[in-house]
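Visitor: With the input below, show me the fold.
(chains A and B)
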2 protein chains.
Amino acid sequence: MTSRLSLHRRHLLAGSASALAAAGLGTWSSHAAAQAKPLPSYAAWKDANSVIVHSSSTIETRRSAFGTSVITPADQLYVRNNLPAPPASVLDNRDAWQVSIEGVRNPRTLTLGELKTMGLETVATVLQCSGNGRGFFPHKPSGTPWTVGAAGCVVWSGVPVRSVVEALGGVAGDTLVYMTGTGGEVLPEGVPVDSVLVERSVPLKAMGDALLAWEMNGAPLSLAHGGPVRLVVPGYNGVNNIKYVKRLAFTPTESTAKIMQHGYRMSPLGGKADPTQASVLEMNVKSWINSPHPESGTLKAGQMQIHGVAFSGTTPVTKVEVSVDGGKTWHAAHFVGPDLGRFAWRQFALHVKIPAGNYVMVSRATDAAGNVQPEHRLENQSGYSNNSWADHGVKVTVA
Amino acid sequence: MTSRLSLHRRHLLAGSASALAAAGLGTWSSHAAAQAKPLPSYAAWKDANSVIVHSSSTIETRRSAFGTSVITPADQLYVRNNLPAPPASVLDNRDAWQVSIEGVRNPRTLTLGELKTMGLETVATVLQCSGNGRGFFPHKPSGTPWTVGAAGCVVWSGVPVRSVVEALGGVAGDTLVYMTGTGGEVLPEGVPVDSVLVERSVPLKAMGDALLAWEMNGAPLSLAHGGPVRLVVPGYNGVNNIKYVKRLAFTPTESTAKIMQHGYRMSPLGGKADPTQASVLEMNVKSWINSPHPESGTLKAGQMQIHGVAFSGTTPVTKVEVSVDGGKTWHAAHFVGPDLGRFAWRQFALHVKIPAGNYVMVSRATDAAGNVQPEHRLENQSGYSNNSWADHGVKVTVA
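Guide: Residues are numbered from 1 along each chain as shown, chains lettered A, B, ... in the order given. The predicted model follows:
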């Protein structure tokens, strides 16, 4: 092992690419411990070998389980619930589930059965928790220390929100500049509703791509992922994709719920969250290597396929570069497999010949708008939106 | 119900579109009976509610289970095995599985671990048993009476066969005009090898698209679907996609195995199979409606989304038309969702207003080469390659 790779965690704030990469690797041991927890009952159908159970409401896909087939299978997809899921009985009669559409000229409560007659669209999106990569922040933010596995690429089917809105006469006025979704979880009693309600507002422009989705990856939407119906906002961080959506409203202001006002804000290190700070909305440009991965063990010298995933909010990724020396030199990777559209991730691969040695492999994505994945994370108190290429590096030993 | 819809099976050979559609509907009762069988152990992980178990080696996706998300989830995908699967222990060390590459300048036996270093490609394909639609043949061919569910669209990852061949010096001569794959099943004893061996030859041109695949839909390939490694020949009928492939050879003649010489031949009605008849190779242009489906029950008059799937061997589909009057008048459907490439199926949808009444809904696909899905099936003794739009119709009652 080179001295570069044996840097201790206390050196991490120095900020060099390879040190940061090594930092990420330091978190794997905590994962191994977390893995021992059992799957919660509402997600008991997940593939236990492919996931890390952090808690009953936080389940991460193992980096080693991400394949190269673009789509993340439902039984490997991460779970992050802000409240316990509603009782499974809500799936007994899916089509009876009701969604109140408000802030349109003709507001109405529509059943899922009615929504299914109003339009059909299918879209592949990256679903990613805004805390994905939090495990690489050296200040150890509170919250789940996800590394790369609070993300997946899945296919949704549902009715376009714009079709529903059009059928109900359009948005009721120019002042309604937010699309606000409310979750149908059962709220704990004895606390103010706003302190627990899962309700998020996104800019009205997100309506154009949004779906009320009842299907994921070809199957009726599971309870774990928001069935019977979920608000899907392509390109936006996971929390904006409201599960069990019971209300979709066009509003003049952001939701007053705590999860909107103080949750998911980009607060400065050591600072407190407040509504003037940026909220986690569109995802940023990001990529990481899935193979080799930290559990690959010692690899054989010779030919190797380095592969991973790359995406960028609502913009297609156009380029991925890979470095095997921690970011000193870069090689153009190629995209592999079908392009599922601008909200999906692309698989990338680099075919290389690798002699014996120790390597830090990193990847760096560029999107069509010219955004380049940065070397360093944007520091913030809660550990959101980490797209540092250095943090996501993989240490590899080849013999 | 109109008199058109109450036609008895004995009228089916009359060949009118609506009569043929009604014929298909007559077979659902036999499915309900088959559904009671338990899943075999190697496929116990399948979703029992989404499939019809015909036998331990033949499992069909329910028409009602096909969603609109393009990809068929692994746990809903049909299974058709010509021999029992090898013992599950072949998956204990996937990378140790060996494939003998023959008919190249430098023939070699490669492990799956070695194949994984030689290239990477991901492709979505329709996987369809050539007997899919056999249940609609009125002469009741021997074999499983599949209706629409011996098909799915899945994503494969593996190494391109052309990359392996190139690495081994290329095909060893112009006379080697077939690509022959051999399955690694354990053969029954006491019978000639050729009588049971799963070995199929396809024209050399198929090599350009073929993969040696170790992953399906983002997960390591299951035993039920041919893991650790399967020969995937995009656009070709299922039987040519050799599971547990142990030998890939470039050969001057077709395999002498019975499954090639006499199996899967387009024999005339009442005739015997022989090697001069056409083999089931590339799939033909086809579509069918998945919703409404025969189990939809009585539908409510008003707005409706009619949707289904369309594909055509190695050629993209360019158009799907839908008729609600058994083929008298047609309406242009639109494609829904991402295009996963020319080997994948497309979802189509038609948004219509339907008053009360009885309907026969059918769909008709056209591909980029100008092939149009025909009204009538090509009659053949074993019931292969049924792409009749009339046969695949759905009878719908709206009140």
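Visitor: Excluding chain neighbours, give the residue nearest to residue A:165 in space.
Guide: Residue nearest to residue A:165 in three dimensions, not counting chain neighbours: residue A:104, with 5.6 Å by C-beta to C-beta, 6 or more residues apart in numbering or on different chains. Where C-beta positions appear, they are placed from N, C-alpha and C, glycine not excepted.
Visitor: show me the contacts for the one you found.
Guide: Residue A:104 is in contact with A:165, A:168, A:169, A:170, A:171, A:172, A:250, counting by C-beta atoms under 8 Å, 6 or more residues apart in numbering or on different chains.
Visitor: Near the third one, how many other residues are there?
Guide: Spelled out, it's residue A:169. 12 (other C-beta atoms under 10 Å in any protein chain shown).
Visitor: Let me see the contact set for it.
Guide: Residue A:169 touches A:104, A:105, A:106, counting by C-beta under 8 Å, 6+ apart.
Visitor: Wondering if stretch A:55-73 reaches chain B at all.
Guide: Yes: using C-beta under 8 Å from any C-beta of the partner chain, we find that stretch A:55-73 touches chain B at A:65, A:66, A:67, A:68, A:69, A:70, A:71, A:72, A:73.
Visitor: Among those residues, which one has the most neighbours?
Guide: Going by other C-beta under 10 Å, residue A:71 tops these with 32 neighbours.
Visitor: Helix, strand, or coil at that residue?
Guide: coil (DSSP: H, G, I helix; E, B strand; the rest coil).
Visitor: isn't residue A:167 right up against residue A:115?
Guide: No: using C-beta atoms under 8 Å, residue A:167 makes no contact with residue A:115, being 10.0 Å away.
Visitor: Comparing the two, which residue is more hemmed in?
Guide: Ranked by neighbour count (other C-beta under 10 Å), residue A:167 and residue A:115 place residue A:115 first, with 24 against 20.
Visitor: What is the neighbour count of the residue nearest to that one when sequence neighbours are not counted?
Guide: Once flanking residues are discounted, residue A:115 sits nearest to residue A:159: 5.0 Å by C-beta to C-beta, 6+ apart. Residues within reach of residue A:159, counting by other C-beta under 10 Å, total 25.
Visitor: Same question for residue A:383.
Guide: Quick note: residue A:383 (other C-beta under 10 Å) scores 24 neighbours.
Visitor: got it, and the one 10 residues further on?
Guide: By the criterion of other C-beta under 10 Å, residue A:393 has 29 neighbours.
Visitor: just residue A:163 next, same as before
Guide: Neighbours around residue A:163, by other C-beta under 10 Å: 17.
Visitor: Tell me where chain A is predicted with low confidence.
Guide: A:1-35 (pLDDT under 70).
Visitor: tell me which residues in stretch A:154-169 are buried?
Guide: A:154-165, A:167-168 (16 or more other C-beta atoms under 10 Å in any protein chain shown).
Visitor: Please disregard the earlier target; I meant stretch A:262-277.
Guide: A:263, A:264, A:265, A:266, A:267, A:273, A:277.
Visitor: just to revisit the earlier point, look up the residues forming beta bridges with the residue nearest to residue A:165.
Guide: On the basis of DSSP bridges, residue A:104 is bridged to residue A:171.
Visitor: is it possible to export the buried residues of stretch A:262-277 to CSV including secondary structure and distance to residue A:119?
Guide: Shown next, in CSV, are the buried residues of stretch A:262-277 (DSSP: H, G, I helix; E, B strand; the rest coil; distance: C-beta to C-beta, whole Å):
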residue, secondary structure, distance to residue A:119
A:263, coil, 32
A:264, coil, 30
A:265, strand, 34
A:266, coil, 35
A:267, coil, 39
A:273, coil, 37
A:277, coil, 36
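Visitor: Thank you kindly, that will do.
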